[in-house]
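**Student:** predicted model and sequence below, questions to follow.
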Amino acid sequence: MLLPRLLLPFIVMVVMIFGCATPYKYPYTTDFPGSYLHPIATPPVVDGRERFREIFCGLLAEDPKYRNEASNCEDFLLRLSDEGQLNKNPGPVPAPDTRYRILVVPGLFNECFSNIALPFEASIETLRDRGFRIEQLIVSGRSSSDKNAAYIAKVIESTTIDSYEDLVLVGYSKGAVDILNFLINHPAQAQKVAAVVSVAGAINGSPLVKKFADAYTHLSKYIQLSQCEPGDSGAIDSLKYSTRLSWLAANPLPHSVEYFSLVSFTRRENINLLLKIWYDMLAVFSPRNDGQLLSVDQIIPGATLLGYANVDHWSLVLPLEDSLLSDTVEMPKRFPREILLQSILLYVAETLDRKQKKNETAFHPN
Amino acid sequence: MKLLSTRIKLIFISIFILSVFGCGSSTEVVNVNIPAHTLSYIGAPSMHDERMHFRQIFCKLLELKRESQSLNIDCEDYLWRLNDEPLTDAVGTPLPVHDTHLRILIVSGAFSDCFPEIGKAYKLGTEHLIRLGYRIDYVPVSGRSGSDMNASVIAKTVADMDMETSDRLLLIGYSKGTTDILHFLVNYPDLSHKVTAVLSVSGAVNGSIIADRYAETYHKWFENLSLGNCEPGDRGVLESLTRKEQFRWLAMHPLPQHVQYYSVATFTREENIQAALRITYELLEPINPLNDGQLLIYDQLVPGSTLMAYVNADHWTVAVPVDEAFSGRDPDTITRNKKVRTVLLEAMILFVVERLQQISRPDNTAPSQTK
């Protein structure tokens, strides 16, 4: 009899607290550390945010086009609670290294709307003028990652790469997933790859897909999406949570490749009008989302984390301000995509250079 | 014309998107065709997977006791098999031998001292192990205090322990007990060297979303109230359990590497959640149906630990007999839960004993075995 009597106030408390319960929604804050969801036993993520910030902010300050934006560096790259304070004596920005061949793989449906914008479209042109050898590798916007992986393999197979050149693959959104599948499915061609960069990569897929997948499968055969063929119509299925996490758990990524991840998320008011509905759906899980992906799902296990871009999923890489969708853009400032891409390439080159020197020292200790 | 055509297509796509996403939420279904996964801070150490071996130990022990204890439960029903767990070897290994040089301290969860009859984790299992020769004590933590305060209680208990050189110390944390233990290890680095291993069962490692939701309500209305037999302590219990506090703490405080960490997590289907946890289950379910009514599947693993198992039970059933006090469950299920908890504890101890035997002993003595 004593136990129920003691429990009574507790039960009253539980009923009072939980009686009209609604799911908890976390407020948006940067006062919380970076985090990522991953299959257990995958390698740890390395924190490269401080150095990446140095390069990004350094380039922003140097570029006359962004002279008025330089003071906004901290706005463009979010500083989360575990990053530490601003380095008062930042290291120098590395000199451009044009030794690398760079291929940029776009994401879901990008092929279908290539007339509106492609990832880093204008930035690629500018960087090419500065000597970077960089091209788009446009995969099927509606096909599965395995199908696109085969296409990436075919393109790399037919690309002449000199012995002194290193290949860097940059994947945006689902493009990052296509690249990872390529590395596993086509190991011979993957040997040519020195580094993979995920830019807002759908590494774990997206919780949105669960709801979207069935409807898309049923409707896809009836939909004519602008300029693209249906492909194998497996694009959405490739982004299911269970598919992606299972794939990552079953396929350890090759150690010969260096991995880098750039994550995006931003406040609701910065989210593109067309993405807001998705942002709200993802906010049930976390306000740290970019309107398509949660921030915890964008990091390749074992990668170096470059940073958190304060921008939505589209404005991160697509110059929508200059397109017919300009009215949908809510970002108050144009995101410096060219600086972002250049910073990524410089950071990657610096890391690969360091790795090469380390290997040389290991082989020739004297 | 081309521009107009693109606009029409965009409008069509927008309508399509709205038709797909525009409606309310749907009920999530438990899908175990997924690998073991966890939410980590940047730079967290990798985990190790030993589910297959723990399954061998647990299932063998269950079979040994099935007849004598009338245990009507299937091993495969009790331990989830996610899609990345290797298949168990056809040739099983023999059960490890008990080692009573393993000293054990158990730290129970939030509010545990408020209800001593049902709040102590593995009470019956502990009595069984004591009969086998183990020395096991409960740390008298405050059920309504924060983890730093309880860390000091653990520190005092560990400091006062009289250990022989051949003894090894295992700390078992259940739910918030795990959080308290992790804070102890970080806050008392000297004393942490007395600890060989930590076993977390349904540990609130990353904190709980439930706590984030209700910490303020508890603070406003309930922290000064009398709840059962317990004092309010420092009133920090829920604050300590919030993800915003605990995950942040974890990211800023790497755990000592000289300690071995082991994790057992729990989740179950809604129909197996006992009545008092249903509401909290439903709060977590839209985020992830793989939860135990208090914690999500990916918040329960200690960074760098060895994953032993996912137990198919709710947050309380895995460790404490709350369902004996009130749950609406049928008596057979309650009795079965009670018995299987004891088997689970013994299997966990055997697993840890075996692992620790692979590490050199402090004085190179042979393990002290029970009959």
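**Tutor:** Looks like it came in fine.

**Student:** can you give me the helices in the chain?
**Tutor:** This is for chain A. A:2-18, A:49-62, A:73-76, A:121-129, A:145-158, A:174-185, A:187-190, A:208-219, A:241-250, A:276-283, A:337-363 (DSSP state H).

**Student:** hmm, I had chain B in mind actually
**Tutor:** Taking DSSP H to define them, one finds helices in chain B at B:2-21, B:51-66, B:75-78, B:116-119, B:123-131, B:147-160, B:176-187, B:189-192, B:209-217, B:237-241, B:243-252, B:278-284, B:322-325, B:331-357.

**Student:** in the sheet, who's paired with the closest residue to A:Val104 other than its chain neighbours?
**Tutor:** By the measure of CB to CB, 6 or more residues apart in numbering or on different chains, the closest residue to A:Val104 outside its immediate chain neighbours is A:Val170, 4.6 Å from it. Every C-beta, even on glycine, is put in place using the N, C-alpha and C of the backbone. Applying DSSP bridges to A:Val170 gives these bridge partners: A:Val104, A:Val197.

**Student:** turn the helices of chain A into TSV, including mean neighbour count.
**Tutor:** Formatted as TSV, the entries for these read as follows, by neighbours: other CB atoms under 10 Å in any protein chain shown:
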stretch	mean neighbour count
helix A:2-18	14
helix A:49-62	20
helix A:73-76	17
helix A:121-129	16
helix A:145-158	19
helix A:174-185	26
helix A:187-190	16
helix A:208-219	16
helix A:241-250	20
helix A:276-283	19
helix A:337-363	18
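
**Student:** can you tell me how far the residue nearest to A:Val104 is from chain B?
**Tutor:** From A:Val170 over to chain B the distance is 21 Å, taken as CB to the nearest CB, to the nearest Å.

**Student:** how about A:Tyr36?
**Tutor:** Counting by CB to the nearest CB, the separation of A:Tyr36 from chain B is 6 Å.

**Student:** wait, that residue sits on B:Leu39?
**Tutor:** Yes. The pair A:Tyr36 / B:Leu39 is scored as a contact, 7.4 Å apart, by CB atoms under 8 Å.

**Student:** which one's more surrounded, these two?
**Tutor:** Shown here are A:Tyr36 and B:Leu39; by other CB atoms under 10 Å in any protein chain shown, A:Tyr36 has more neighbours (26 against 21).

**Student:** how many other residues sit next to the closest residue to that one other than its chain neighbours?
**Tutor:** Excluding its sequence neighbours, the residue lying closest to A:Tyr36 (CB to CB, 6+ apart) is A:Ile299, at 4.0 Å. For A:Ile299, the tally of surrounding residues (other CB under 10 Å) stands at 28.

**Student:** likewise B:Asp167?
**Tutor:** When neighbours are counted by other CB under 10 Å, B:Asp167 comes out with 20.

**Student:** quick one: it and B:Arg103 touch, right?
**Tutor:** Yes. Because the distance of 5.0 Å satisfies CB under 8 Å, B:Asp167 is recorded as touching B:Arg103.

**Student:** check whether the residue nearest to A:Tyr36 really touches A:Leu305, as I assumed.
**Tutor:** Yes. Under the criterion of CB under 8 Å, A:Ile299 is in contact with A:Leu305, at a separation of 6.2 Å.

**Student:** okay if I get the helices of chain A as a markdown table plus mean pLDDT and distance to A:Gln292?
**Tutor:** Written out in a markdown table, the entries for the helices of chain A read as follows (pLDDT from 0 to 100; distance: least, CB to CB, whole Å):
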| stretch | mean pLDDT | distance to A:Gln292 |
| --- | --- | --- |
| helix A:2-18 | 52 | 33 |
| helix A:49-62 | 94 | 22 |
| helix A:73-76 | 90 | 19 |
| helix A:121-129 | 90 | 19 |
| helix A:145-158 | 94 | 16 |
| helix A:174-185 | 97 | 10 |
| helix A:187-190 | 95 | 27 |
| helix A:208-219 | 71 | 7 |
| helix A:241-250 | 95 | 14 |
| helix A:276-283 | 94 | 6 |
| helix A:337-363 | 90 | 17 |
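
**Student:** who are the contact partners of B:Ile34?
**Tutor:** Contact partners of B:Ile34, counting by CB atoms under 8 Å, 6 or more residues apart in numbering or on different chains, are A:Tyr241, A:Ser242, A:Leu245, A:Ser246, B:Leu82, B:Asn83, B:Leu290.

**Student:** same thing but at 6 Å, please
**Tutor:** B:Ile34 makes contacts with A:Ser242, A:Leu245, as judged by CB atoms under 6 Å, 6 or more residues apart in numbering or on different chains.

**Student:** same question, A:Phe260
**Tutor:** For A:Phe260, counting by CB under 6 Å, 6+ apart, the contacting residues are A:Val197, A:Ala303, A:Thr304, A:Leu306.

**Student:** so it versus B:Val153, what's the distance?
**Tutor:** Counting by CB to CB, to the nearest Å, the separation of A:Phe260 from B:Val153 is 45 Å.

**Student:** just the pLDDT for B:Leu225.
**Tutor:** Model confidence at B:Leu225, expressed as pLDDT, equals 70.

**Student:** what do A:Ile299 and A:Leu305 both touch?
**Tutor:** Residues touching both A:Ile299 and A:Leu305 (CB under 6 Å, 6+ apart) are A:Val45, A:Ser261.

**Student:** name the residue of the stretch 101-250 of chain B that lies nearest to chain A.
**Tutor:** Among residues of the stretch 101-250 of chain B, the one nearest chain A by CB to the nearest CB turns out to be B:Arg213. It sits 3.6 Å away.

**Student:** hmm, that residue is touching A:Tyr24, no?
**Tutor:** Yes. Taking contact to mean CB atoms under 6 Å, the distance of 3.6 Å between B:Arg213 and A:Tyr24 places them in contact.

**Student:** those two: who's more crowded?
**Tutor:** When neighbours are counted by other CB under 10 Å, B:Arg213 and A:Tyr24 differ, and B:Arg213 comes out ahead with 22 against 18.

**Student:** what residues are up against that one?
**Tutor:** With CB under 6 Å, 6+ apart, B:Arg213 has these contacts: A:Tyr24.

**Student:** and it, how far from A:Tyr26?
**Tutor:** The gap separating B:Arg213 from A:Tyr26 is 10 Å, by CB to CB.

**Student:** and for A:Asn272?
**Tutor:** The span separating A:Asn272 from A:Tyr26 equals 22 Å under the rule CB to CB.

**Student:** just A:Phe132 next, same as before
**Tutor:** Applying CB to CB, the value for A:Phe132 to A:Tyr26 is 39 Å.

**Student:** looking at these two, which one has more neighbours?
**Tutor:** Here A:Phe132 and A:Tyr26 are compared on neighbour count by other CB under 10 Å; more neighbours surround A:Phe132, at 21 against 17.

**Student:** confidence score at the more buried one?
**Tutor:** Per-residue confidence for A:Phe132 comes out at a pLDDT of 92.

**Student:** show me the contacts for it.
**Tutor:** Under the criterion of CB under 6 Å, 6+ apart, the neighbours of A:Phe132 are A:Thr98.

**Student:** likewise for A:Glu157?
**Tutor:** With the criterion set at CB under 6 Å, 6+ apart, A:Glu157 makes contact with A:Gln189.

**Student:** A:Ala202 now?
**Tutor:** A:Ser173, A:Lys174, A:Val177, A:Leu239, A:Leu293.

**Student:** in JSON lines, list those along with distance to A:Gln136.
**Tutor:** Listed next are the contacts of A:Ala202 as JSON lines, based on distance: CB to CB, whole Å:
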{"residue": "A:Ser173", "distance to A:Gln136": "14"}
{"residue": "A:Lys174", "distance to A:Gln136": "15"}
{"residue": "A:Val177", "distance to A:Gln136": "17"}
{"residue": "A:Leu239", "distance to A:Gln136": "21"}
{"residue": "A:Leu293", "distance to A:Gln136": "21"}
